[in-house]
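Asks: Predicted model and sequence follow; I will ask about them next.
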Amino acid sequence: MSALGSDFTNHTVLIYNLSGTHLGSTIIREHDKGAQQIQVNIMPEELNLNDDCKLLILSSPIPCEFQGKVKRVGGNHFIAMFQGQEKENRGSARYIVSTPAQIDNLIVDGKVHPLQTPVKVVLINISTSGVRFRAPYYSFEIGDEFQMNFIISNSRKLITAAIVNFVDNVDSTSDYGCRFIGIE
């Protein structure tokens, strides 16, 4: 099934301008699959009628990415959705998200193991394939799998991901790149 055939009602959507600047996040009130458009609770003030935007819908098992065009019918805001937008050379465009998160569980041999002390992290960016976050030095190694909780648009999300790379910073932190295993 194509992503446009999925029902995104009640999912969180992150809205960006075409330059990749995060304009806002909201809940999808309704998804009209026939018209290929979503109705959102809140439209970012920076967007006007017929403006183009980028959308990252936090759907399960992985996020979906679309290009959109702002529409209005009566007092309701809609965004028409289109697939096939231009992407970065890396395969999945990165969208800046600066939000606190917490890693509560490690996954070892397919079993979830709660951490005695959850690791507090900050999300740096998100894409359809994964997430990048900042954490204290030496928190994780490549191949580690975990579950992370974060709140965006008053909606709690739980992602399961695996570390694929990291870069140490000069301020006793590391930036970890991860690929999604799933999102709820």
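Replies: Structure's in. What do you need? Residues are numbered from 1 along each chain as shown.
Asks: CA atoms for contacts and neighbours, from now on please.
Replies: OK.
Asks: so which helix or strand takes in Arg132?
Replies: Under the criterion DSSP states H and E, the helix or strand holding Arg132 is strand 130-136.
Asks: what about that strand, distance to the chain center?
Replies: Centre-to-centre, strand 130-136 and its host chain are 13 Å apart (Cα atoms, centre = their mean, to the nearest Å).
Asks: Pro61 reaches Arg179, doesn't it?
Replies: No. Contact status for Pro61 versus Arg179: not in contact, 12.0 Å apart, counting by Cα atoms under 8 Å.
Asks: And these two? Which one has more around it.
Replies: Set side by side, Pro61 and Arg179 show unequal neighbour counts under other Cα atoms under 10 Å, the larger going to Arg179 at 20 against 13.
Asks: bridging residues for that one?
Replies: According to DSSP bridges, the residues that bridge with Arg179 are Gly130, Ala162.
Asks: and if you look at Ile126?
Replies: Taking DSSP bridges, one finds Tyr95, Val131 as the beta-bridge partners of Ile126.
Asks: What's the local residue count around it?
Replies: Residues lying near Ile126 (other Cα under 10 Å) number 25.
Asks: Can you give me every residue that contacts it?
Replies: For Ile126, the set of contacting residues under the criterion of Cα atoms under 8 Å, 6 or more residues apart in numbering consists of 94-97, 132.
Asks: Which positions in the next helix or strand after the strand holding Arg132 come out as buried?
Replies: With elements assigned by DSSP H and E, the helix or strand that comes after strand 130-136 is strand 145-152. Residues of strand 145-152 classed as buried by neighbour count (16 or more other Cα atoms under 10 Å): 145-150, 152.
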